[in-house]
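*Asks:* the amino acid sequence is not available; the structure is as follows:
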Ligand SMILES: Cc1cc2nc3c(=O)[nH]c(=O)nc-3n(C[C@H](O)[C@H](O)[C@H](O)COP(=O)(O)OP(=O)(O)OC[C@H]3O[C@@H](n4cnc5c(N)ncnc54)[C@H](O)[C@@H]3O)c2cc1C
């Protein structure tokens with residue numbers, strides 16, 4: 001690990017001269033706020049919070065930080081779940097929150113150009129107002145597009161459309177030494193040289209600072225609906241996921257929940273869902289341009305679920321009914337955070353192994369004395385296992401039990417050909433699992449890439465690998 005320096009009073013003044021005094025803060029409130037994300041990791045306060053307003057400002061701050069060996073942690077909305085935006089070594093928290101404009105929606109090229117601090121909810125709203133669609137829909141609406149790109153976020157519609165990577169066409173990136181590069185752009189195809197854009201997407205802020213993004217858009221489907229299906233067995237619901245995929249219908253969302261989650265959500269939201277009395281549930285969400293096509297997809301999915309052991313298939317045919325079910329699904333992590341001590345596994349496995357994974361995971365919970373509640377984007381094999389502390393477990397025993405359960409869940413994913421992280425990234429809290437998954441040769445290749453981008457190792461150090 002390189003020797004890092006602190007921000008000296010002189011450097012502090014130089015940074016203020018670049019971004020303005022009002023955009024540099026060391027107030028206790030700001031340091032506390034920028035010391036954490038949504039993971040359970042203990043806080044790591046930066047020395048300074050800096051809020052640049054332009055690419056030029058980011059570039060000048062980076063150049064100074066690099067010359068002075070001061071670590072810089074890029075931050076979006078800090079909704080990440082693996083400690084990736086924690087300023088582990090102090091230094092500068094570079095918050096992109098002020099660079100939040102939607103610069104252009106180019107209807108001729110079907111592309112949107114946005115600044116990194118634009119929120120995913122704002123991008124959805126602006127594009128959908130024009131009948132266009134940016135499909136990636138990570139569960140946290142207040143996440144920034146810069147954070148989504150840097151974690152290669154997935155979310156509720158990945159089964160049909162893919163993840164953030166599949167919709168990022170161009171990036172402007174400030175490198176560690178302050179140089180600004182553009183990778184990709186508005187061309188639909190590009191086979192020129194190595195794909196640097198694909199390296200930067202998902203690099204968790206370790207290769208450069210994203211200062212502008214060009215996103216692909218598609219026409220927005222006209223109609224949407226979903227069914228909410230209770231099952232009498234947790235394994236039957238998991239088997240139905242496999243069966244829906246096998247029947248070649250492609251819902252945009254196929255989410256799995258168990259009774260524990262449904263009842264927790266009802267308490268948290270103080271609202272009733274259509275049913276809460278069965279061990280497991282699927283949400284099957286479809287889109288189409290005609291009522292006939294919508295109906296066909298709903299009927300096929302409903303029939304498969306019923307054949308696979310569902311006791312009913314509630315159709316949420318109005319916007320408000322759909323909204324209630326999405327509110328319950330999207331709020332799961334917030335509800336568990338509010339009500340339990342927990343961490344969350346983010347494994348992703350080949351989809352035909354889901355029933356086996358769900359069945360075997362129960363024994364892992366029992367072995368380590370934790371409650372494992374899977375909630376997930378089952379349609380793309382990405383199961384979030386909420387690892388919950390039992391009330392009777394003493395707090396001092398919890399970190400070890402949690403880590404042991406997480407480790408077993410990840411090992412089982414590897415055994416089935418899966419991965420440690422489907423969409424949240426390894427960040428700080430899961431970085432020890434990289435080598436276990438990809439082996440030392442690939443870790444060395446990644447380290448060589450990091451050194452090529454950031455020879456002094458100042459951007460977001462201690463992330464992705466130990
Ligand atoms: C309730 C809840 C539900 C969630 N659901 C989902 C889900 O369904 N799918 C999913 O994928 N994630 C989900 N997440 C996780 C989180 O929202 C995503 O990881 C999101 O992409 C983080 O965006 P952010 O702006 O908060 O980034 P941050 O947490 O601030 O940062 C994340 C990483 O990106 C880097 N970064 C941020 N901005 C930049 C930039 N401009 N340039 C370079 N690096 C940058 C940071 O250094 C860090 O490494 C959920 C989180 C919560 C709390």
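*Replies:* Alright, I've got the coordinates. Computed from a predicted model, the values in this text were never measured in an experiment.

*Asks:* so what pLDDT did the closest residue to residue 291 other than its chain neighbours get?
*Replies:* Leaving aside its chain neighbours, residue 291 sits nearest to residue 223 (6.6 Å; criterion: C-beta to C-beta, 6 or more residues apart in numbering). Quick note: C-beta positions are derived from backbone N, CA and C, even for glycine. On the pLDDT scale, residue 223 is placed at 96.

*Asks:* burial count for residue 223?
*Replies:* 13 (other C-beta atoms under 10 Å).

*Asks:* residues contacting it?
*Replies:* 287, 288, 289, 290, 291, 294 (C-beta atoms under 8 Å, 6 or more residues apart in numbering).

*Asks:* where does the prediction get shaky in this structure?
*Replies:* The model of the chain has no residue with pLDDT under 70.

*Asks:* ok, 90 please
*Replies:* Residue ranges of the chain with pLDDT under 90: 1-2, 139, 242, 246-249, 317, 376.

*Asks:* for it, longest helix please?
*Replies:* The single longest helix within the chain, with elements called by DSSP state H, is helix 433-453.

*Asks:* picking up where we left off before, and the contacts of residue 223, which are buried?
*Replies:* Among the contacts of residue 223, those classed as buried by 16 or more other C-beta atoms under 10 Å are 287, 288, 294.

*Asks:* surely residue 227 meets residue 315?
*Replies:* Yes. With contacts counted by C-beta atoms under 8 Å, residue 227 reaches residue 315, the gap being 5.4 Å.

*Asks:* compare neighbour counts for those two and give me the winner.
*Replies:* The neighbour count for residue 227 versus residue 315, taken as other C-beta under 10 Å, is higher for residue 227 (25 against 17).

*Asks:* from the buried ones among the contacts of residue 223, which is closest to the ligand?
*Replies:* Nearest to the ligand, judged by C-beta to the nearest ligand atom, of these is residue 287 at 18.0 Å.

*Asks:* strand partners (parallel or antiparallel) of the helix or strand that contains that closest one?
*Replies:* Residue 287 belongs to strand 280-288 when elements are defined using DSSP states H and E. When pairs are called by DSSP bridges, strand 280-288 turns out to pair with strand 223-231 (antiparallel), strand 253-258 (antiparallel).

*Asks:* and the contacts of the shortest one?
*Replies:* Right, the one you point to is strand 253-258. With contact meaning C-beta under 8 Å, 6+ apart, strand 253-258 is reached by 156-157, 159-160, 226, 234, 237-238, 241, 244-245, 279-285, 329, 332, 354, 373-380, 383.

*Asks:* count the residues that sit near the residue in the stretch 251-400 of the chain positioned nearest to the ligand.
*Replies:* Of the stretch 251-400 of the chain, the residue with the smallest distance to the ligand, taken as C-beta to the nearest ligand atom, is residue 333 at 3.6 Å. Residues lying near residue 333 (other C-beta under 10 Å) number 18.

*Asks:* what's next to the helix or strand harbouring it, contact-wise?
*Replies:* Using DSSP H and E, residue 333 sits in helix 332-339. Residues from elsewhere that reach helix 332-339 (C-beta under 8 Å, 6+ apart): 38, 81, 139-140, 257, 261, 264-265, 267-269, 342, 344, 373, 375, 384, 386, 388.

*Asks:* number of nearby residues for residue 63?
*Replies:* For residue 63, the count of nearby residues is 17 (other C-beta under 10 Å).

*Asks:* how near is it to the ligand?
*Replies:* Residue 63 is 16 Å from the ligand, where distance means C-beta to the nearest ligand atom, to the nearest Å.

*Asks:* surely that residue and residue 178 touch.
*Replies:* Yes. Here residue 63 lies in contact with residue 178, judged by C-beta under 8 Å, at a distance of 3.1 Å.

*Asks:* now for these two: what residues contact both?
*Replies:* If you check residue 63 and residue 178 against C-beta under 8 Å, 6+ apart, no residue is contacted by both.

*Asks:* that older thread, export the strands paired with strand 280-288 to TSV and tack on distance to residue 325?
*Replies:* Listed next are the strands paired with strand 280-288 as TSV, based on distance: least, C-beta to C-beta, whole Å:
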stretch	distance to residue 325
strand 223-231	6
strand 253-258	9
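
*Asks:* winner for burial among these?
*Replies:* strand 253-258 (a mean of 25; mean count of other C-beta atoms under 10 Å).

*Asks:* spell out which parts of the stretch 101-250 of the chain neighbour the ligand.
*Replies:* Residues of the stretch 101-250 of the chain that fall close to the ligand, judged by C-beta under 6 Å from any ligand atom: 116, 138-140, 143-144, 146-148, 150-151, 153-155, 204-205, 209-210.

*Asks:* list only those of those residues flagged as buried.
*Replies:* 116, 138-140, 143-144, 146-148, 150-151, 153-155, 204-205, 209-210.

*Asks:* okay, and which of those map to helices?
*Replies:* Per DSSP H, these map to helices at 146, 147, 148, 150, 151.

*Asks:* pull the most distant pair out of the residues you listed.
*Replies:* Spatially, the most separated pair among those is 146 and 151, at 9.8 Å (C-beta to C-beta).

*Asks:* any idea how far apart the tips of stretch 36-50 sit?
*Replies:* Its start and end residues considered, stretch 36-50 measures 16 Å (C-alpha to C-alpha, to the nearest Å).

*Asks:* from the chain's centroid, how far away is it?
*Replies:* 18 Å (C-alpha atoms, centre = their mean, to the nearest Å).
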